[in-house]
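Undergrad: pasting the structure only:
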C-alpha cells in the first residue's frame, strides 16, 4: 500500500519498532501493535476516557517499550473534550492525533468533535473499544444484547442489537476511513489502511477494536516493512508528464503576469506545504493574501502581505488590491460560505486564476472564459516542482507603486474617547496585535472576537488555530489543551517546520468566550494536571453575544449564568493558587499592563487567566458585516 | 391518526389551544404551532442551547399565550447536558420532554443523551434547527455549502453537502420517528406523528425544522381536532376478543397458582401503569419483586415485597423465594444482560411465566414446555382488564409460612469495627435507606453506588431514576437538574399518579460520583439558576472506581484530577454562599448528623452538596458480583 520509498531522514524523525527474536517468532499482542503503529504515525499522546470495552487496550499504554518512545495517556473529563483536544493536537503538530473512547456512550459523546475535524480537514484517529468479536458475531440473543448498545425498535426482547450500529452512523459521513475489526488476521493491515487514509485525505478515521482483540498475538511485520506512516508518504505522486505540464503552465502564468497574487488557504497547512508556499513568496515577492480558514498559513511578516481577502466581508482596501491582480494562485483552496465571504469573491475581469487542491489543479482565464482542469493532480508535488523550476530572472512583475503593504489601520476602528476606561472590542483590536510575539501559538474560540482576530497582521511564524467553518462553540478550550500537549510532545515544531527555530519559547494563548467556556470548562483541570503553560483571555460579555448579533439581543435564551471565573482553577485543583494567576480585568490600563508583562514574560505563573469584562452587545464590526452579508443573501431569495 | 376518543377529564389535565377568529382565518406561525403542540403533549419546559439555525423558532418562546400556559426555556451549558436533562424530565413526569439544538454542532453533541433515552425507553423529542428549506432544496453549490455541515469527502469544492446527513444518522437507529420537514403544508401533521410515535414507542423522536419554517403560517386545525397527545391515547387498544382471551388465561393462571409472583419491570413505568400494578399487588397480596431497571415501579413498602430479583447477581435469599413461585407475572419486561443478571434468571421447574410487554403477551409453562404467544397485544389494556375482572375470592394462594418479607439485613454487609470513623460503602448502605422519606425522588449516577442502591427497600412512593442499562457515566447530574425542573412543572405528580398526594414536599436527592461529575459538572449552575432544591451526595473515591473494579485498579487511566468540590457552587454563581451549603464530610458521625438533619428538613439551604470521602477501592460487594458474573460469562467462551 505504501509505495513511496522512505528516506532514512524521514524515518529518523519518527519512532520506530525494534523487533526482537521473541516477537519475530511469536508475534506481539494486537494492543501493542496498535499503539506502536500510532507512535510510528507520529502521535505520542492519546486522549480519551476509560470504559469497560477499551480497558484491555489501555493496559498496553504501560508497555515499557512504548513508554520509552514517549507514549502517554491524557485522560480528559469527557469524550467530547477528548475529541476537541485531539483536533487541537493535530492542528498544531500536523500529525495524526488519537482519541480512545468506549462503545456507544463514549464514541457518541465525541461525535461532534470528530465531525468538526472532518469538516475542517483535521487528522484524527478515533479508536472505539467495542464488544468482543465472539459476542458481535454470535446469533445468540443473550450474547449480543449488551450494555451501551441501542436495542432494536421492535422485537428487542428477541432480536439482538446491531453491534455495528454506531460504526454505520459515521461511515461515509464523518470519516474518510472506517475499520470495524472482526478478523485478527487482517487487523494490522486494516489499522494501517485507516491511518494511511487519514493522512491521504487529512480527515478523521475510525477503528473499532473488539475488547478481545488487544491480547491476541499478531505478526508485527508491517512495522518492519512500513516503519512509519507519514503525511509525506500518503500524498500521491503526480505522473511525470502531468507534473511537467501543470508546472509548465503555472510557470508560464507567472512569467506572463504583471501583478500576480498568492492566496494561502487552509489545505496548504493541512497538507504540510506552508513552508514551501512561504518560500515561493520569498523567492518571488508576490503579493499575498490570507483567508479566513487559512489564517497564519502565510507568514504575514513578509513585506508583500496584502491582508485577508474575503470578498464583500473583508476590508475594502484589501479587495481593491486583490482586484488589481492579473493572476491569482490559490493554494490549498477550500470553498465554503465562510471562507469565501458568502461567495462574494471577485476577481479582476482579465485575471487568470489557478486553484491548487489535493484533488485537482484548475486554471481559469476570465478574459477568454477558458478552463483547464487537471483532476487527480495533487497540489503539493506541483508546488514543490514549481519551486525547483522557477527562475526568478524570468519574472516580469510590475506592481503599482502606489500600493502599500496591508496595515491594520485600514480596519478603521471606531474612534473612542481618550477618557474611556473600560475595555472594549475596539481597545482589544488596538492592543492585542502587539501582545503577540514571533512564533506564538494562538487559539481562538468560535465567537465574536474571531471576527476581529482574522484581520490582525500576525508576527512571523505565529501559529493560529480556530474552527473557521464548522464553528462549534466550546471547541477552543479543550482544543487549546490538546495544542498544549502537542507543544510538549513536539516543542517548537511549527518553527522547525519552517526552518526558523529560535531560542524563544513560544507562548500558548487562548481567546475564549464566557458562553463557550461554560460548555467545556472542566478541561481547564486537564491543563493544570498536565502542567500546560497557557494564557487565557476570557472575554466575558455575559452570554452568547455572537447569537445576540444575529437574533434576540435581549432574549433570555442568549443569557447564561454569571460565574466567578477567577475561582475556577482553585476548585479545579490549584487549591493554593500555586500554579495559576486569575485576574479580573475591568480597566484598560490594567489590561495593557498585564498584556505587556505577559509579552515580556515578566510573570512566571504556569497558567494566566484574565477575565476581561466587556459590554453585552460590544462585538467587532467585522461580525456585523458577516451578519449583514448573510442576511442580504437570505433576503435575495 | 389519534383514533382513541379522549375523555374531557384527560384533556383537562393538559394545556390546550384556544383559537380566535384571526388565527382561524389566517393561520398561526409554524413556530407557535410547534410549541403549542409541545405544550399539549404535556411538556412545559424546553431544554437546549441557542444556535443560528434555531433562533427563529426560539423567538416563539416569548409568545404571551404560550408563556401563560407555563412554557419556559431552560438554557443548559451544552447540548449533551440538555439531552440528559430532557431524559430526566421525562423519567420523572412520564410525559414527553423536549430539547432544541442547532444543526450539526448542537445535535451531534446531544446524540449520546438521545441514544441513552432510546436504549431505556424514554420519551424525548429532539428538535433540531436546520438550514432554510430553500437552501437544502437548492442545486446551487453556493446555497447548499453552509457552516455546521460536513462536506462531501470527495469533490467538496464542487458538490454541496447532504443537508440530511445528520438526520440519516439517527433515523432507524436512535429514534422511533424522524421528520425532516420540507413541506410546510404537511409540517403540522408530521409534527403530530412524531410526537404520537414518541408516546406509542416510549422512545425519542426527531423533528428537523428548517430555519425559514418558524415564521410561515399554518392551519392550526390539528390543535382543535386533537387537542392533546398523551401516552394514554397512544397505547393501542386490544381487540375485544383477544383482550378477553388473554385476560381469561391470566386469571386462570392466577386462580390456579399457589405461590404466584409479580415482577415489576421498567416498561410498567414507561407505559404509565405502575399505579395499576400496585393496585393488583394490594388487591391480591401476591409476592412481588423489583428488577434493576424497574426499581421503584413497585411500592416496596408493601408487605409482600420480596426483594430485587436479578438471577445470580442478586441476593441468594431473594432467589430462594423466587424459586418457590409457581407463577411469575413479569409486567413491562425488558430483557438485557444487566436487567437479567447476565441471563441467569432461573425459575421453579414447574413454574408458569407470563411476560407482559407493549408488543406481546407470552405464556410459558415449564412443566409441559408449552408457549402461547400473543403478538401485537399491548400489556396495559390487559393489566387494566385484569383489575376489572379479578375476583379476590377466587384466589387460592398458599405461600410457605416460614418465608418473611425481604429485609435489608439479607445483604449481609461486611462487619466493621465499631471504632471505624471514616465513611465506607458499608456504612452508606447501612445509613442511606433511613435517610429517604416517603415520596422522595432519588437519582443515582452510573457507578459503584448504583449497585448498592438497588437492594435498598425504598419507602412508599419513592421515585428512583437511574440509567440501568445504557450506563452513560455523567448522565445523572444533568438528568437530576431535568428532574428538578419537572418537579417544578408538575409538583408531586409521581404521588398524584398513585393517588397518594400528601402534604410532605418531596426532596430531590442525587448520588453522584467524582469521575462522573467531572463529565457534566457545569450543569450545577443550571440548578442554581433555576432555584432547584436538591441534596447532592458526591461520593469522592478519587477516580473511576467502577472501572477500577473491572480492570486497572491502580492504573493512571482511572485517575482524575482532585477537585475542591465544595468551591464549585461559589464559582458557578453562588458568589456569597447564599443558596448552597457545601460540606466536606470525612467522618461517619458528621455524615449521620447531616443526613438526619436533611431528612427532617432542619436545614434550609436551597442546595446541599455533601462531598463524602471514600477509599479509592471501596465499592459495594454487589458490584464485585456483577464483575465476577460478567467475567465468568466471558471465560466460558
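TA: Good, I have the coordinates. The structure presented is a predicted model; accordingly, all values stated were derived computationally and were not measured. Numbers count the residues shown, from 1 in each chain, chains lettered A, B, ... in the order given.

Undergrad: going by C-alpha atoms from here, please, whenever you check contacts or count neighbours.
TA: Fine.

Undergrad: how does chain A divide into domains?
TA: Split into domains by automatic domain parsing, chain A comes to A:8-234, A:258-394, A:409-629.

Undergrad: which of those domains sits closest to residue B:164?
TA: If you check each of these against residue B:164 by Cα to Cα, domain A:8-234 wins as the nearest, at 10.8 Å.

Undergrad: which residues in the stretch 351-500 of chain A form helices?
TA: When secondary structure is read from DSSP state H, counting those that start in this stretch, the stretch 351-500 of chain A shows helices at A:379-389, A:425-435, A:450-453, A:476-489, A:493-496.

Undergrad: wait, does the third one contact chain B?
TA: No: applying Cα under 8 Å from any Cα of the partner chain, one finds that helix A:450-453 is not in contact with chain B, the shortest distance being 15.0 Å.

Undergrad: what is that helix packed up against?
TA: helix A:621-636 (3 or more Cα pairs under 8 Å, 6 or more residues apart in numbering or on different chains; DSSP states H and E).

Undergrad: one more time with 10 Å
TA: With contacts taken as 3 or more Cα pairs under 10 Å, 6 or more residues apart in numbering or on different chains; DSSP states H and E, helix A:450-453 sits against helix A:425-435, strand A:441-444, strand A:508-513, helix A:621-636.

Undergrad: residue A:280 against residue A:383, yeah?
TA: Yes: Residue A:280 is within contact range of residue A:383, at 8.6 Å (criterion: Cα atoms under 10 Å).

Undergrad: so what sits against both of these two?
TA: Common contact partners of residue A:280 and residue A:383 (Cα atoms under 10 Å, 6 or more residues apart in numbering or on different chains): none.

Undergrad: contacting residues for the residue nearest the centre of chain A?
TA: Using Cα atoms, centre = their mean, the residue of chain A that lies closest to the mean C-alpha position is residue A:91, 3.4 Å off. Residues near residue A:91 by Cα under 10 Å, 6+ apart: A:85, A:97, A:117, A:120-124, A:269-270, A:463-466, A:479, A:482-483, A:486.

Undergrad: circling back to that earlier point, can I get the helices of the stretch 351-500 of chain A in a markdown table including distance to residue A:107?
TA: Output for these, formatted as a markdown table (distance: least, Cα to Cα, whole Å):
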| stretch | distance to residue A:107 |
| --- | --- |
| helix A:379-389 | 33 |
| helix A:425-435 | 38 |
| helix A:450-453 | 29 |
| helix A:476-489 | 17 |
| helix A:493-496 | 30 |
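
Undergrad: out of the contacts of residue A:91, which are close to chain B?
TA: A:117, A:120, A:121 (Cα under 10 Å from any Cα of the partner chain).

Undergrad: residue A:465 is in contact with the second one, correct?
TA: No: with contacts defined as Cα under 10 Å, residue A:120 does not count as touching residue A:465, sitting 11.3 Å away.

Undergrad: which of those two has more neighbours?
TA: Taking other Cα atoms under 10 Å in any protein chain shown, residue A:120 and residue A:465 do not tie; residue A:120 has more neighbours (27 against 23).

Undergrad: starting at the chain centroid, how far to the helix or strand where residue A:108 lies?
TA: Assigned by DSSP states H and E, residue A:108 belongs to helix A:105-119. Helix A:105-119 sits 14 Å away from the centroid of its parent chain (Cα atoms, centre = their mean, to the nearest Å).
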